[in-house]
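Participant: I would like to see how this sequence folds:
(chains A, B, C and D)
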2 protein chains.
Amino acid sequence: MSVYTPAEVVEETGFSIDTLRYYEKIGLLERVDRNAAGQRRFSQEDIGWLGMVRCLRDTGMPIATMLRFAELVRAGDHTIPDRIKLLEEHDRQVQAQIANLAERQSYIHHKISYYRSLL
Amino acid sequence: MSVYTPAEVVEETGFSIDTLRYYEKIGLLERVDRNAAGQRRFSQEDIGWLGMVRCLRDTGMPIATMLRFAELVRAGDHTIPDRIKLLEEHDRQVQAQIANLAERQSYIHHKISYYRSLL
DNA sequence: GCTTGACATGGAGTGCGCTCCAGGTCTCAG
DNA sequence: CTGAGACCTGGAGCGCACTCCATGTCAAGC
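Facilitator: All right, here's what the predicted structure looks like:
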């Protein structure tokens, strides 16, 4: 079972060390193990969870919602239906974001075409 | 040439009155005409520009960049090539956002499938 | 004539998500 | 033995994009 130093997790996940400590402080990341000197040693599971966090964060989920999801995960397997519901709801929002961006993008394309027609 | 009261512009554009005043204050919206009593009377052009602002804002363009675009528009027709460049660059960023969302979405789909497999 | 409500202004406050800082500990290369 | 550097903590600060507030003016309906 491999462990990771803070520097390695920064490298691996793209989160800054400050962000990692912040996530731990607010409970988005469960209390990370420490070595004898009190330094963080992240587990493989931590890395996996951070992958999920990155996905949710980068698709615009607010921290408060990620926190609810984290609590469901910690509460055990009986929350799996709730987790599915939460992710499905988020999925719909992501879908809406994509649709919205695509629509706005066509406006931008029209504007560019219009500008080009003036040259 | 029609004019619009603040309430009408709120209705039309979806921006709050506070946001409209904020945009005017920072120069994202050019000084809006006033009636004798000092109340804003928006022009058709203002409405059109606000449509553009909404598009750019909703596709994630920072205010500082919208401000640069606004300055190009005000500077006259010789800036059209620059406007095209700016919009094209933004278009690429929108494209990247869409691609990124789609990729993250497939991760979410996998996670949902995985959870379903546990039921 | 009076009330109501839409609007004005300048400036302070808010919420989110970090990000930075001061001051301290521990480890390791030279 | 020393100095550098990775890490620790609690707490303050920041950037963005608004949002709210106190106070005041004007216009229209009853």
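
Participant: got the buried residues for the lengthiest helix in chain A?
Facilitator: Assignment by DSSP state H gives helix A:80-117 as the longest helix of chain A. By neighbour count on 16 or more other CB atoms under 10 Å in any protein chain shown, the buried set for helix A:80-117 is A:80, A:83-84, A:86-87, A:90-91, A:94, A:97-98, A:101, A:104-105, A:107-108, A:111-112, A:115. For every residue, glycine as well, the C-beta is placed using N, CA and C.

Participant: before we move on, what about stretch A:52-65?
Facilitator: Buried residues in stretch A:52-65 (16+ other CB under 10 Å): A:52-53, A:55-57, A:59, A:61.

Participant: Also near DNA strand C: which of those residues, exactly?
Facilitator: Contacts with DNA strand C within the buried residues of stretch A:52-65, counted by CB under 7 Å from any atom of the strand: residue A:57.

Participant: Kindly indicate which of the buried residues of stretch A:52-65 lies nearest DNA strand C.
Facilitator: Of all these, DNA strand C sits closest to residue A:57, with 5.4 Å by CB to the nearest atom of the strand.

Participant: My impression was that the closest one belongs to a strand - is that right?
Facilitator: No: applying DSSP: H, G, I helix; E, B strand; the rest coil, one finds residue A:57 to be helix, outside a strand.

Participant: Distance-wise, check it relative to residue A:77.
Facilitator: 25 Å (CB to CB, to the nearest Å).

Participant: Packing partners of the longest helix of chain A?
Facilitator: helix A:63-75, helix B:44-58, helix B:80-117 (3 or more CB pairs under 8 Å, 6 or more residues apart in numbering or on different chains; DSSP states H and E).

Participant: is the first one anywhere near chain B?
Facilitator: No: Helix A:63-75 is not in contact with chain B by CB under 8 Å from any CB of the partner chain; minimum separation 10.5 Å.

Participant: anything in that helix near DNA strand D?
Facilitator: No: counting by CB under 7 Å from any atom of the strand, DNA strand D has no neighbours in helix A:63-75; the shortest distance is 12.2 Å.

Participant: Is DNA strand C within reach of that helix?
Facilitator: Yes: using CB under 7 Å from any atom of the strand, helix A:63-75 reaches DNA strand C at A:63-64.

Participant: Restricting to C-alpha, output that helix in CSV.
Facilitator: The C-alpha trace of helix A:63-75 is given here as CSV (Å, rounded to 0.1, in the frame of the first residue of the first chain):
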residue,chain,number,x,y,z
ILE,A,63,-18.0,22.9,-2.3
ALA,A,64,-21.2,22.6,-0.2
THR,A,65,-22.5,19.9,-2.5
MET,A,66,-19.2,18.1,-2.7
LEU,A,67,-19.3,18.1,1.1
ARG,A,68,-22.7,16.4,1.0
PHE,A,69,-21.4,13.9,-1.4
ALA,A,70,-18.4,13.2,0.8
GLU,A,71,-20.7,12.7,3.8
LEU,A,72,-22.7,10.1,1.8
VAL,A,73,-19.6,8.3,0.8
ARG,A,74,-18.4,8.2,4.5
ALA,A,75,-21.9,7.1,5.7
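
Participant: Okay then, goodbye and thanks.
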